[in-house]
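# What would the 3D arrangement of this be:
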Amino acid sequence: MKIGVFCSANENIAAEFFDCARQLGSWIAANAHSLVYGGTRLGLMGAVANAVHDGGGTVIGILPMELSRRGIAADCNDVVVPCDNLSDRKELMMAQADVFVALPGGIGTLDEAFTVAAAATAGYHTKKVILLNTGGFWNKLTELLDSLQQSGFIRDSWHNHFIVCDSAESAEKEISKLQ
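Here you go, the predicted structure:
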């Protein structure tokens with residue numbers, strides 16, 4: 001499978017998030033899957049990509065040219081798919097990946113995860129987004145989604161598009177079920 005990973009490109013975050021990213025990346029490689037991600041060497045992006053690379057897996061970086069010009073492309077990318085901007089990156093990632101995992105992240109990660117889920121609600125695909133809830137990171141988001149659903153703002157269950165997993169192991173099991 002090609003596993004799309006959305007995550008933070010920040011360096012100054014808790015070590016447990018880096019550990020989880022590396023664990024997921026090692027599992028991707030050990031199970032002969034490929035990583036599809038944002039292409040940079042920073043933060044959790046770099047951690048997951050390096051773990052896949054170090055494990056002998058394939059790393060596919062979808063890299064906007066502006067980020068490439070800044071010199072933050074990962075050296076471990078086996079394949080680099082250049083694109084014009086972040087919108088292009090999301091579209092290319094959706095076209096490439098079979099399933100998505102959202103590790104802890106900020107505005108960009110939320111944008112990416114919700115773009116995939118919104119496209120699924122509109123019937124463009126049936127791909128899932130796994131929210132890897134390390135340390136309860138996504139708890140407030142899932143509370144918001146519950147509230148939106150209870151208020152009638154989400155037509156079907158948000159669980160049809162998002163799977164919440166509290167550990168890399170549980171995310172790995174969910175991914176294996178989707179094969």
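
# shouldn't G46 be in contact with G39?
No. Judged on Cβ atoms under 8 Å, G46 makes no contact with G39 at a distance of 10.1 Å. For every residue, glycine as well, the C-beta is placed using N, CA and C.

# who has more neighbours, those two?
Between G46 and G39, counted using other Cβ atoms under 10 Å, G39 has the larger neighbour count: 26 against 22.

# In terms of pLDDT, where does the more buried one sit?
pLDDT for G39: 94.

# Look up how far A113 lies from the residue of the chain most remote from its centre.
Going by Cα atoms, centre = their mean, the residue of the chain most distant from its centre is S151, 27.9 Å out. For S151, the distance to A113 equals 21 Å [Cβ to Cβ, to the nearest Å].

# And for D78?
Taking Cβ to Cβ, one finds D78 at 24 Å from A113.

# mean confidence for stretch 58-71?
For stretch 58-71, the per-residue pLDDT averages 91.

# ok, and what's touching that stretch?
Under the contact criterion Cβ atoms under 8 Å, 6 or more residues apart in numbering, stretch 58-71 has outside partners 2, 34-40, 49, 52-53, 73-74, 76-86, 88-89, 92-93, 96.

# one more time with 7 Å
34-40, 49, 52-53, 73-74, 76-86, 89, 92-93, 96 (Cβ atoms under 7 Å, 6 or more residues apart in numbering).

# Now which of those residues would you call buried?
When neighbours are counted using 16 or more other Cβ atoms under 10 Å, those contain these buried positions: 34-40, 49, 52-53, 73-74, 76-77, 81-83, 86, 89, 92-93, 96.

# Among the residues you listed, which lie within strands?
Mapping the buried ones among the contacts of stretch 58-71 onto strands (DSSP state E) picks out S34, L35, V36, Y37, V81, P82, C83.

# list the contacts for the fifth one?
Contacts for V81 were tallied using Cβ under 7 Å, 6+ apart; they are I60, I62, L63, L92.

# Averaged over its residues, which helix or strand of the chain has the lowest pLDDT?
helix 65-69 (a mean of 85; mean pLDDT, DSSP states H and E).

# any idea of the pLDDT on D75?
On the pLDDT scale, D75 gets 93.

# Backbone dihedrals for it, please?
phi -70, psi -20 (degrees, to the nearest 10).

# And for the residue nearest to it when sequence neighbours are not counted, the neighbour number?
Nearest non-adjacent residue to D75, counting by Cβ to Cβ, 6 or more residues apart in numbering: R41, 6.8 Å away. The burial count assigned to R41 is 18, neighbours taken as other Cβ under 10 Å.

# try L144
So L144, with other Cβ under 10 Å, has 12 neighbours.

# same question, S68
Quick note: S68 (other Cβ under 10 Å) scores 16 neighbours.
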